[in-house]
Each structure stands twice: as C-alpha cells, then as structure tokens.
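1. Return a 3D structure for these sequence lines:
(one chain, ligands or ions: 1)
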Amino acid sequence: MGGTPIVLYEGNIEPRTVHVTESCPPAMSRAGTWRLEDFELHKQLYKGKASLLYRATCRLSGLPVALKLYRKLRLSALNWYQVQREIRIHSQLQHENIVQLYAAFEDSDHVYLALQSGCACAGGDLYEELKRHGGHLSEETVARDVIRPCLSALAYLHLKGFLWRDCKPENILLAGPGFGSVKLADFGLSIDSTEERPVTRAGTLDYMAPEVCLCPAVHRSVDAWAIGILGYELVVGHPPFERETRTDTYEQIMYRRPNYPAWISEESRTFISAALTKSARKRPTAADLLDHPWILKHCPRTPVPAAAEGQNEVASEKSAVSDSKESDDVKKVSCSSGMVRHIQY
Ligand SMILES: Nc1ncnc2c1ncn2[C@@H]1O[C@H](COP(=O)(O)OP(=O)(O)OP(=O)(O)O)[C@@H](O)[C@H]1O
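-> Residues are numbered from 1 along each chain as shown. Below is the predicted model of the structure:
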C-alpha cells in the first residue's frame, strides 16, 4: 500500500506517536512522543458514535489545532481498519482546500488526530453556514466559493488514486465567517482505489450515486455525482432526491431527474445535470467539471492537474474490505431550521 504503514495497538500501551506528517508546522513537531497532555482542550466541537472533536492548543507551540479522539472501546474491527486507513490516506494529502492532518498518536484509550484548525478553519462547517443563510446560498457563492474549490481538491485526490466518498455539507469546513476558502474534512471513508475494492456501500444515502445503489463502486465518478447533489442542495435548499423513505429515495436516484425551480440559471442547471449523469461511464470527472461554463462564469480559470487516465479503474480483488458504515437504517436528525443533518449508520 502507498504511504507510511500505519499500525494502531489495542490494550494497555504507553503513549506513542503513530505518524507525524509533512504538513505538521515545525514549531509543533518534535522528537519526543506525542501525548494528550501536550494539548490544552477547549470547546468540544463534535461528538460522534466513536469520535470526539475538540478545539485545542498545542502547549509547545501555542498553535491552534482541532483534536479528533477515537475512543478505542467504541471501535469495531472494521473501525480499526478504517481509522488506520484514514490516517494513511489523510497524511498523504497537501492541498489548499483540504484540512491538513499534522500527526496521529495513541495511548491505551484513544487514537488522536491533530488537525489543522484555528484561523484556517474558524468558520465551522458548511452545514452550519447553510442554516445561517436559511438553507441555501447564491449561485455565485456556490459556484465560486464552494463547488470550484471542492472540485479542485477532488481532482487532486483522484489524481493520487484516492476517492473521498463522503461529500456532504457537514464535511466541508469554512476558512472563516462567510466564505473564503473551503476545505474538505473527514477522510474516514476514503479509499485508495488502486488497491482496495469495497464490498459494501459507503456514504450518505442522499449523496449516493446510482452505481453505488446497485453495487459498491470504486470509481471517481461517485465523487462527481456527489458534487452534483451538493450543488443542487446549496442552490435549491434540499438534496434533489431526498424522500420520506429509503426505498423512494433509491428510486429517485436510480430513475428520476431532479426538479429544477424556474428561478435557477441555465448554467447551474446544466452543471448539476452533467454531474448527475446516471451512467457512471458517461459522467464527467471532477477535473472536467472545473471547465464547465457555470464554474468559469463565476471564477477565473486556474490550471488543474489532468486526471490520470484509468488510474481509478484498477482495483485489486484481494484486498476487498467491507465498509459497513452504510446499512438499512440511514437516519436524519431534524434541526430547528427545518434542515436535516445527513447521518450515516
Ligand atoms: N479540522 C477541523 N476543524 C474544525 N472542525 C472540524 C474539523 N474537522 C472536523 N470538524 C467538524 O467536526 C465534525 C465531525 O468531524 P468528522 O466528520 O471528521 O468526524 P467523524 O467521526 O468522521 O464523523 P462522522 O463519521 O459521524 O461523519 C465535522 O462535521 C465538522 O463540523
């Protein structure tokens, strides 16, 4: 496998550094063992089934970080595999629109990920920002400040052979109040498509591509589809195929076209329709979508790496791994604004 081999240990162990990445600020990196006591924890930003996320300060450097803690007792065998994979993949990513992983370390109770935060990601996530804006944003903001940077990060990921597989507003961070520079966060479902072939579906139902509904897919097309869903949700105010029941949502994803409100522009409509091409083979890539007239209309052209031809099509049968985050019980939690947070089970 590419990247540094990442091994985590169960049971009673001394605190140990798992990996320090090239993104780690020099003031923060040191020869000694990384441990929880090196950080002052502030506000809890998130509490998940197996993870907690805190705003924190590195005592040595005074630099702000987001500290993600995986509770070892809550990790299934699959989760163990996924956390190791997350660290391995995330540590290889350096892009202005991707949250940086500085280091991973562990002790008997937790695995810790020290992530970029502070000024760089002070704005919270896109889901919260959407709520502040009443559920949707202007087309210009969506195209220029969200979709284009996300596409740029995805083109970079795909070039390296990785798939994100977890596009949703909750996993996109803002650089400050309002917009400026968005960053992809959470690589817990990402895979190296050149080496791994998942055998069950992963992701969030509203953002799942038709080919994933049929069978677990490993092509970069799943991320391009999710960008179409994201574009629609941000402009219109809800995901295009969201329905009351899971079965109805599947049916919409597989066979229906989105309903476009009359007020959205022709360019945004053609962008979303292109990204939501039902056939994965005919769907444009993230790199292709960067050249769409809707994107070019709202932001100047910037050079992007050409997608490596066929890079993501290679998948080894032998390292098939089940991603059982997805099950028959995808649920949503209502919020006071009427928006629903996308949650996987
Ligand atoms: N570097 C960061 N700085 C600030 N907030 C962050 C950062 N990374 C993540 N978050 C926030 O914490 C939330 C949870 O983070 P993340 O998605 O990585 O955890 P998770 O355990 O994988 O969650 P889940 O599996 O439930 O989606 C995100 O939705 C985002 O709002």
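2. pretty sure Ile229 contacts Glu242?
-> No - the criterion here is Cβ atoms under 8 Å, and Ile229 misses it with Glu242 at 9.4 Å. (Each C-beta comes from the backbone N, C-alpha and C, glycine too.)
3. any shared contact partners between those two?
-> Asp206 (Cβ atoms under 8 Å, 6 or more residues apart in numbering).
4. where along the stretch 51-200 of the chain do the helices fall?
-> Ranges of helices in the stretch 51-200 of the chain, per DSSP state H, counting those that start in this stretch, are 77-90, 126-132, 139-141, 148-159.
5. So which other helices or strands are in contact with the shortest one?
-> When you say that, I think you mean helix 139-141. Helix 139-141 sits against helix 293-298, with contacts defined as 3 or more Cβ pairs under 8 Å, 6 or more residues apart in numbering; DSSP states H and E.
6. rerun that using 10 Å as the cut-off
-> helix 221-236, helix 266-275, helix 293-298 (3 or more Cβ pairs under 10 Å, 6 or more residues apart in numbering; DSSP states H and E).
7. Quick one: list the elements packing against the first one.
-> Using 3+ Cβ pairs under 10 Å, 6+ apart as the contact criterion, the secondary-structure elements in contact with helix 221-236 are helix 126-132, helix 139-141, helix 148-159, strand 162-163, helix 210-214, helix 266-275, helix 286-289.
8. Nearest to Arg246 among those would be which one?
-> helix 210-214 (10.4 Å; Cβ to Cβ).
9. Show me which residues of the closest one are buried.
-> 210-212 (16 or more other Cβ atoms under 10 Å).
10. and the closest residue to the ligand within the stretch 151-300 of the chain, how many residues sit next to it?
-> Closest residue of the stretch 151-300 of the chain to the ligand, Cβ to the nearest ligand atom: Asp186 (3.4 Å). A count of neighbours around Asp186, defined by other Cβ atoms under 10 Å, yields 22.
11. Surely it is in contact with Pro169?
-> No - counting by Cβ atoms under 10 Å, Asp186 stays clear of Pro169, with 11.8 Å between them.
12. anything in contact with each of those two?
-> Asp125 (Cβ atoms under 10 Å, 6 or more residues apart in numbering).
13. distance of the residue nearest to His158 when sequence neighbours are not counted from Ala153?
-> Of all residues beyond its chain neighbours, the one nearest His158 is Arg220 (4.4 Å), with distances taken as Cβ to Cβ, 6 or more residues apart in numbering. For Arg220, the distance to Ala153 equals 13 Å [Cβ to Cβ, to the nearest Å].
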